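In: Predicted model and sequence below, questions to follow.
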Amino acid sequence: MPLVAWAGYFLVPHWTWGWRLVFGLGLFGVFFAWLIRRWVPESPRWLASRGEFERADTVVRSIERSCGVESPAVLPDAPGERAPAPDRPRLGELLTGAQRRPFLVVATMWVAGLLAYSAFNTWTPTLLSENGFDLDNTLLLSAVLATAAPLGALVAVPLIDRWDRRRTQLVMGALSAAALLLFGLVRASAAVLVLGCVVSVLFQAAVPFLQVYSAEVFPTRIRALGSGTANALSRIFNFAAPMLIAAIFGGLGYTAVFAFLAVLSLIGGCVAVAYGPRTTGVSLEAAATADPDSVRATEEPLRP
């Protein structure tokens, strides 16, 4: 993100082909995909669910060694070398039975969160230009905000396993909403820069919580389909963001856009606290099968 933003600042205003190079930087994603393929192990839960116990055991042992944990000398008894393959999860399961509620919760969180995040990052330079900032200043602001964003991910590191993820989402959403409202009211360059950095850090700090939470609420067999579909829905709904923001700006003005983004920032945390199961300090099995109301009523978290 910082690389592309600073490339935009240095290239777009000065060369007619600069914007093409900025888009071309997206090809670096292929390199990161290769690194993930090479360095990130397959999920041992997924391997075990498909009966590949030896591969799952190898992955778990490597993780234990890296954490200084002694592994059992013998693999626990398993029902055969390879268990029957589980039924392939179907999309319809996400809208029926036990999976419907968590799916609707995480889908709402993804749609509202990504729409607010994407609209802020995409539209802020244009909106500022419409309010008297020149192109160089708005591109510089975008570059600074993109540079601040990774700090948000670092902020999440010491907190993500310490605080309840649902309540943390709500707190971050409330702080983001307050910063967005102030951002829409101020006009001084310094205030715009500071508040913009605060919003960017809070948005990025919330992303790891959302990514982890949206995976924890589903059982292993349907986890990838559930969290992946919720994420994909947010991308589909995000297609409407340019027209929606343009309509709000044209009809209600500059400040109304950021008021709308503030409301979106609050929705995910409110929905999670009201309807989502607690997952922090709870085993994946318990989080994926427990009734949200009964989990919410438990005072002390269960440790896996």
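Out: Perfect, I can see it now. Just so it is clear, the model here is predicted, and its values are computed rather than measured.
In: where in the stretch 51-200 of the chain is pLDDT low?
Out: 73-86, 134-136 (pLDDT under 70).
In: can we see that at 50?
Out: 80 (pLDDT under 50).
In: would you list every one of the helices in it?
Out: With helices called from DSSP state H, counting those that start in this stretch, the stretch 51-200 of the chain shows them at 53-66, 100-130, 135-156, 165-185, 189-216.
In: looking at these, which is closest to Phe237?
Out: helix 100-130 (4.8 Å; CB to CB). (Glycine included, C-beta is placed from N, CA and C.)
In: angle of that closest one against helix 135-156?
Out: Put simply, helix 100-130 runs at 150 degrees to helix 135-156, going by axes from the mean of the first three to the mean of the last three CA atoms, to 10 degrees.
In: Show me what helix 100-130 is packed against.
Out: Where contact means 3 or more CB pairs under 8 Å, 6 or more residues apart in numbering; DSSP states H and E, helix 100-130 is packed against helix 135-156, helix 165-185, helix 189-216, helix 220-238, helix 241-252, helix 254-275.
In: Please name whichever of the helices of the stretch 51-200 of the chain is nearest to Pro72.
Out: For the helices of the stretch 51-200 of the chain, proximity to Pro72 was assessed by CB to CB; helix 53-66 is nearest, at 9.1 Å.
In: sorry, back to before: present the helices of the stretch 51-200 of the chain as a markdown table; the columns should include distance to Pro41 and mean neighbour count.
Out: A markdown table is the format used below for these (distance: least, CB to CB, whole Å; neighbours: other CB atoms under 10 Å):
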| stretch | distance to Pro41 | mean neighbour count |
| --- | --- | --- |
| helix 53-66 | 5 | 15 |
| helix 100-130 | 25 | 21 |
| helix 135-156 | 21 | 18 |
| helix 165-185 | 24 | 21 |
| helix 189-216 | 16 | 21 |
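In: Including distance to Ala240, could those helices go into a markdown table?
Out: Formatted as a markdown table, the helices of the stretch 51-200 of the chain follow (distance: least, CB to CB, whole Å):
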| stretch | distance to Ala240 |
| --- | --- |
| helix 53-66 | 41 |
| helix 100-130 | 8 |
| helix 135-156 | 22 |
| helix 165-185 | 19 |
| helix 189-216 | 19 |
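In: How about the contacts made by Gly226?
Out: Each residue near Gly226 by CB atoms under 8 Å, 6 or more residues apart in numbering is listed here: 94, 99, 102-103, 106, 214, 217-218.
In: Now with 7 Å, please.
Out: 94, 99, 103, 218 (CB atoms under 7 Å, 6 or more residues apart in numbering).
In: number of nearby residues for Ile36?
Out: Neighbour count of Ile36, defined by other CB atoms under 10 Å: 9.
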